[in-house]
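>>> Just need the structure, nothing else, for what follows:
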Amino acid sequence: HPVSLQIEGDLVVGNEIEAVPQFKHPEDSNHLNTTVRWYRVGPDTQPIEPYPHQQHVLLLSDAEFAHQIKVEYQTQGGSDGEVQLVECLTDAVVDAYPPEVHLEWIDPVMGDSPPIGTLLEFEVMTEYDEGTPDILWLRSGEEVARATSVYQTTEEDVGHQIEVQYTPTSHLSDTIVGPTAILQSGPVAAAAPRAVEAQILGDPQVHNTLHINTQLNDPDATRVVNWYRVRPDGGPDVLLQEDSAELELVPQDIGCHIKAEVTPISPETQIPGEPLSVLTDQPVRKPPPVVRKHTMYGIPEDGNGLVVSLEVDHFGEAGPGISSWYRSAQLIEGADEQQYTCKPEDVGHKLAYKYTPVNCDGVAGQAVSVVTQDVVKPAPIRDLTITDPELDGAYCGKRVNVLYTPTGDQGQTAFNWQRSSDGVTWVKSTEYLPSQRGTMTSTVASDNSRNTQSPLGTRLTDTYLATADDLNHYIKCTITVYTGAGGVHQTKVETPKSLVYLHQTYREKIRESLTSGVAKFNVRVIGDGAGDATLTLTHKLVTLNTGTAKLGKTKWSANCGIVLSEQSSSHFTLVIDKKKSFECQASSSSQGGTTTSSGGGHTHMREYLALTFRAFHGLSTEPVAKEVVPIAVHNQWKKSGTVAPNALATLHPSNGTEGVQGRMLLPAPMVLAKQEINRRKIEKHRFGVHWWYARIALEAVVDGSWGRDVGGSPSRASPSQ
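Below is the predicted model of the structure:
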């Protein structure tokens, strides 16, 4: 049995203590059954549970604080199984270690130079359970706060360090005090400046400049202004300009608000304050149109033209600008264009032009004006001259324009149109708009790309109707200018000749009619049997019927044909045979089959009707057809009354072997030899004029290689040709 018992270890919470028995013979402990019991001794003694497998060791917990510890050590053993109990009581009560702590600022900026208004807050790092600490805040050694874990800097703190002293205590007893931990900040800085108010100045309109007006709480503080475009679709703002007090608006800003962000900067620390943002009251809008440049051209002289050149920025689509002319500050009625021709009543007055730009939204800009330097002078008398005559658009059924530029103001003009089948011998051509002697009152050409306007002369036109009879003929125009008293002086200028082509529109439509095998036209019969009628063409017959009567019917022969009137552009004679014919007028539309009007009213329809008639005539007449298309095409037409579309794209092989000079259809530009001219005249009279026109029309429909006329103007022949 043990002879004594003692407790070893520091009596401090958290430590282990051990019950150590003393034996007379140490080896005796190996033959004993041992029971160890621990007790917390105080006002009421309580047993304590030791480690399950180490009963002789006890971990001191908070419950043992300020208590004595008693241990009982009971043994049973020896030869007689004797039980013996020894105990031990500590002289002192269980104590606790004083806590130790370490402090750190929650935000590192607090340790640098916290500005006024900063909430200083620290974090306590320790391994101990604490009681109520003693917290003391000092400003350069002077107490400013106590018993609080946070401190907010004030103006009195500026320039001083703030120190916090933290003295921890044990959670077991306030009398157990740990070492004081100290944490210091840098010198307190003045408060970050604040933007009290901001306002965007300026009209939010493209090309205007916006300015920012701000009020800061610190007059010594600076500011940084960034400008943003606020998208109307809610997308992210677009940074436009940094650190600038103004912003010039551009077209990309239209429809968007503009935001200015003002950030105040501390003058001492350069620390930025809280940004303040402000928006424009309304989105950026387009500016009114602006006239960038305006210049008047021309000499202010009776009869002369004045033109004002304008360069206008509409910032988008243009609207109808407002033009007005003034004579000595008096509005000239009806003068509302950029061009103005000086009149006799303008002589002795200055002229002024005023222009107000307008955009597509109807917003008007600042008006501009320009005044002639001199008063309008009387016009000198100048003889009329004509330059640069040329033909434009030589197609069957179309108006052929002669373009020319007149200068001068005293004289008259007359136009003589001529036609030639060979480019050598010319005859006068009937003009359905008779050209008579007249003054310079011709109409301005509609093709503006070919008629340049200038103050010194205007590009003018006269027109000629190219009929179906003109197909494959040359035409030209001679302009005679009469000047001097009574027009005794004559000057003639001549256009280059131009070959009359079959327009691709006519070719395609006539091919469609031949492919379908039938063509019908509305006509009006004049004279006997007068009234509306239908002209029907097939591979065998020509019929003219009204709704109630059959006026005429014939098979295709050399005796039937179309004779165009020389007095009217819509009238023609339908020749049924040697004894019967009808005076007719073409209607503005056709009917049935695949034929449709090509546009242009009676003028176009008569030529279209005549060309279709002659193409049917040619394909239905073997002596003509075999000279133009392969004989198989004629046979198919004769048998079935239709042809395949691709059959009308190939000429008869003889046309290739004989060469282009052997064809009755003239290639352009070509001048035939005398013997060829005679051969053609003989052939024309042998076949008859109707077969002659039938062949010309059919060959023009079949062969499109020589015309180069896929909808545009053919190449004009040069003067040498």
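>>> top helix in the chain by residue count?
What stands out as the longest helix in the chain, according to DSSP state H, is helix 602-620.
>>> ok, how many other residues are close to residue 425?
Using other CB atoms under 10 Å, residue 425 has 11 other residues around it. The way it works is simple: take the backbone N, C-alpha and C, and place the C-beta from them, glycine included.
>>> Please, where are all the strands along the stretch 401-550 of the chain?
Using DSSP state E, counting those that start in this stretch, the strands of the stretch 401-550 of the chain run over residues 412-420, 427-428, 453-454, 457-458, 460-465, 474-483, 489-494, 498-499, 519-526, 531-537, 541-545, 550-555.
>>> average pLDDT for the fifth one?
Summarised as a single mean, pLDDT over strand 460-465 is 72.
>>> picking that back up, just give me how far the longest helix of the chain sits from the chain centre.
48 Å (CA atoms, centre = their mean, to the nearest Å).
>>> What of stretch 263-275?
Its chain's C-alpha centre and that of stretch 263-275 lie 43 Å apart, by CA atoms, centre = their mean.
>>> Buried ones in it, by neighbour count?
Across stretch 263-275, burial judged by 16 or more other CB atoms under 10 Å covers 263-266, 271-273.
>>> for stretch 169-182, same thing?
For stretch 169-182, burial by neighbour count (16+ other CB under 10 Å) applies to 169-172, 176-178, 181.
>>> Lowest-scoring secondary structure element of this structure by mean pLDDT?
Lowest on mean pLDDT, DSSP states H and E among the helices and strands of the chain sits strand 453-454, with a mean of 28.
>>> now the spatially most central residue of the chain, what's its secondary structure?
In the chain, the C-alpha nearest the mean C-alpha coordinate belongs to residue 316, at 11.5 Å (CA atoms, centre = their mean). Here residue 316 is recorded as coil under DSSP: H, G, I helix; E, B strand; the rest coil.
>>> Give me the local confidence score for it.
So, for residue 316, pLDDT stands at 80.
>>> ok, now residue 378?
89.
>>> What of the one 4 residues further on?
With respect to pLDDT, residue 382 has a value of 76.
>>> swap in the one 5 residues further on?
In this model, residue 387 is scored at 86, pLDDT.
>>> List the contacts of it.
Residue 387 makes contact with 404-405, 407, 493, according to CB atoms under 8 Å, 6 or more residues apart in numbering.
>>> Which strand or helix spans it?
strand 385-392 (DSSP states H and E).
>>> Show me which positions of that strand end up buried.
Within strand 385-392, the residues that count as buried by 16+ other CB under 10 Å are 386, 389, 391-392.
>>> Can I get that strand in CSV? Just the C-alpha atoms.
Extracted in CSV, the C-alpha atoms of strand 385-392 (Å, rounded to 0.1, in the frame of the first residue of the first chain):
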residue,chain,number,x,y,z
THR,A,385,-25.2,80.2,-131.2
ILE,A,386,-25.6,76.4,-130.7
THR,A,387,-22.9,74.1,-129.6
ASP,A,388,-22.5,70.4,-128.8
PRO,A,389,-25.5,68.9,-130.6
GLU,A,390,-26.0,65.2,-130.2
LEU,A,391,-28.7,62.6,-130.3
ASP,A,392,-29.9,60.7,-127.3
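>>> all numbers from here: first residue = 623
Right, with 623 as the first residue, what we last looked at is strand 1007-1014.
>>> what angle do that strand and strand 1111-1116 make?
Orientation of strand 1007-1014 against strand 1111-1116 (axes from the mean of the first three to the mean of the last three CA atoms, to 10 degrees) gives an angle of 30 degrees.
>>> before we move on, the earlier item: name the pair among the buried residues of stretch 791-804 with the greatest separation in space.
794 and 803 (19.6 Å; CB to CB).
>>> and residue 988, how many neighbours does it have?
10.
>>> Isn't it up against residue 912?
Yes: counting by CB atoms under 8 Å, residue 988 touches residue 912, with 7.0 Å between them.
>>> shared neighbours of those two, anything?
Joint contacts of residue 988 and residue 912 (CB under 8 Å, 6+ apart) are residue 979.
>>> hang on, the earlier thing: let me know the next secondary structure element after the longest helix of the chain.
Going down the chain from helix 1224-1242, the next helix or strand is helix 1244-1250, by DSSP H and E.
>>> Can you give me the buried ones in that next one?
So for helix 1244-1250, counting by 16+ other CB under 10 Å, buried means 1246-1247, 1249-1250.
>>> Likewise for stretch 1163-1174?
Of the residues in stretch 1163-1174, 1164-1166, 1173-1174 count as buried by neighbour count, 16+ other CB under 10 Å.
>>> ok, and what's touching that stretch?
1145, 1147, 1151, 1153-1158, 1175-1178, 1182, 1196, 1198, 1202, 1204, 1235.
>>> Ends of it, what's the gap?
End-to-end distance for stretch 1163-1174, by CA to CA, to the nearest Å: 10 Å.
>>> what distance separates that stretch from the centre of its chain?
Using CA atoms, centre = their mean, the offset of stretch 1163-1174 from its chain centre is 60 Å.
>>> what is the rounded mean pLDDT of it?
90.
>>> just stretch 831-840 next, same as before
91.
>>> Which residues does it contact?
812, 815-824, 826, 845, 847, 849, 867-871, 880, 882, 884, 886, 888-889, 898, 900, 902.
>>> Is residue 862 part of a helix or strand, or is it coil?
strand.
>>> what about it, distance to residue 901?
To residue 901, residue 862 is 14 Å away according to CB to CB, to the nearest Å.
>>> Neighbour count for the two, which is higher?
residue 862 (19 against 14).
>>> That one - nearest residue in space that isn't next to it in sequence?
With sequence-adjacent residues excluded and distances taken as CB to CB, 6 or more residues apart in numbering, residue 862 is closest to residue 849, at 4.6 Å.
>>> Give the buried residues for the helix or strand that the one you found is a member of.
Using DSSP H and E, the element containing residue 849 is strand 844-852. Buried positions in strand 844-852, judged by neighbour count with 16+ other CB under 10 Å: 845, 847-852.
>>> Same check on stretch 1171-1184?
1173-1174, 1176, 1178-1180, 1182-1184.
>>> In a markdown table, list the residues you listed along with distance to residue 743.
Formatted as a markdown table, those follow (distance: CB to CB, whole Å):
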| residue | distance to residue 743 |
| --- | --- |
| 1173 | 115 |
| 1174 | 117 |
| 1176 | 118 |
| 1178 | 114 |
| 1179 | 120 |
| 1180 | 120 |
| 1182 | 116 |
| 1183 | 114 |
| 1184 | 110 |
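>>> now for the strand holding residue 849, which elements pack on it?
Judged by 3 or more CB pairs under 8 Å, 6 or more residues apart in numbering; DSSP states H and E, strand 844-852 is in contact with strand 831-838, strand 860-863, strand 879-887.
>>> ok, now with 6 Å
strand 860-863, strand 879-887 (3 or more CB pairs under 6 Å, 6 or more residues apart in numbering; DSSP states H and E).
>>> Okay, now the sheet partners of the shortest one, with direction.
The one in question is strand 860-863. strand 844-852 (antiparallel) (DSSP bridges).
>>> Next, the angle from the longest helix of the chain to strand 1172-1177.
Going by the same axes, to 10 degrees, helix 1224-1242 makes 40 degrees with strand 1172-1177.
>>> Mind listing residues that contact helix 1224-1242?
For helix 1224-1242, contacts defined as CB atoms under 6 Å, 6 or more residues apart in numbering pick out 1018-1019, 1089-1090, 1128, 1132, 1135, 1141, 1143, 1159, 1161, 1178, 1184, 1191-1192, 1194, 1208, 1210, 1219-1220, 1246-1247, 1259, 1315-1317, 1319-1320, 1323.
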